[in-house]
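Visitor: Next input, structure requested:
(chains A and B)
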Amino acid sequence: AQKVTQAQTEISVVEKEDVTLDCVYETRDTTYYLFWYKQPPSGELVFLIRRNSFDEQNEISGRYSWNFQKSTSSFNFTITASQVVDSAVYFCALSEASEDFGNEKLTFGTGTRLTIIP
Amino acid sequence: GAVVSQHPSWVICKSGTSVKIECRSLDFQATTMFWYRQFPKQSLMLMATSNEGSKATYEQGVEKDKFLINHASLTLSTLTVTSAHPEDSSFYICSAAGQQETQYFGPGTRLLVL
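Guide: Below is the predicted model of the structure:
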């Protein structure tokens, strides 16, 4: 069975600080996908990234960066120079790989509520 | 990214009534749609997976007779909560998947059963 653990339930940082959200996963699959989603107070989930298990390169997108460590089954997310608009709940998710690209069932972590203090 | 809509965004109903929630993919054809439920301050739990033109596949513990799912076209899926009770009050979110890199989520529907 697949499992995603986000041990940090709530984090608060002062604006402009860097913050890292942790994600640890469990799966028996050799090929899988990892995701991060942002859920602002409005409720809509915003897709941030999808990472294939074979691609261990770290990724940077603006102020966002992701560190995938297969050896420790972790896929951590760092926000640099945080802003108030980053305040949201962030979910890490895992899916098995399938031939139906994009149609895989997602297993979500419990989420981390991030508050950026002005 | 692709756009998925849900209607209604808010619904309040009396206990015992049925509520229908629509999920539409606006700019792509969704071969698969997923329905999730999220209780306050909790994670999203997958309820069922529906493929266009076939019966939905329900997750363990989800009552198929209570949560009726119809996926009649490549752009529309509906979830009907039958004989709703207060414990069904939740945030219901759909997602739609075509051939993109990920599912795209709707804005969610908040259901309050009195």
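Visitor: all contacts plus neighbour counts: C-alpha atoms, from now on.
Guide: OK.
Visitor: Tell me where chain A has strands.
Guide: If DSSP state E is used as the criterion, the strands of chain A fall at A:3-5, A:10-14, A:19-21, A:24-26, A:32-39, A:46-52, A:59-61, A:64-69, A:74-79, A:88-96, A:106-108, A:112-117.
Visitor: would you turn those into a markdown table with mean neighbour count, distance to chain B and mean pLDDT?
Guide: As requested, these are exported to a markdown table (neighbours: other Cα atoms under 10 Å in any protein chain shown; distance: least, Cα to the nearest Cα, whole Å; pLDDT from 0 to 100):
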| stretch | mean neighbour count | distance to chain B | mean pLDDT |
| --- | --- | --- | --- |
| strand A:3-5 | 18 | 11 | 95 |
| strand A:10-14 | 14 | 11 | 97 |
| strand A:19-21 | 19 | 16 | 98 |
| strand A:24-26 | 18 | 15 | 97 |
| strand A:32-39 | 21 | 9 | 94 |
| strand A:46-52 | 17 | 7 | 91 |
| strand A:59-61 | 12 | 16 | 90 |
| strand A:64-69 | 18 | 17 | 96 |
| strand A:74-79 | 20 | 17 | 97 |
| strand A:88-96 | 24 | 8 | 94 |
| strand A:106-108 | 23 | 6 | 92 |
| strand A:112-117 | 20 | 9 | 97 |
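Visitor: Out of the ones you listed, which gets nearest to B:Thr82?
Guide: Nearest to B:Thr82 among the strands of chain A is strand A:106-108 (25.6 Å), distances taken as Cα to Cα.
Visitor: So, low pLDDT: which residues of chain B?
Guide: Residues of chain B that meet the criterion pLDDT under 70 lie in B:1, B:100-101.
Visitor: Name the helix or strand for the residue minimising distance to the centre of chain B, please.
Guide: Chain B has B:Trp35 as the residue nearest its centroid, 3.8 Å off, counting by Cα atoms, centre = their mean. According to DSSP states H and E, B:Trp35 maps onto strand B:32-38.
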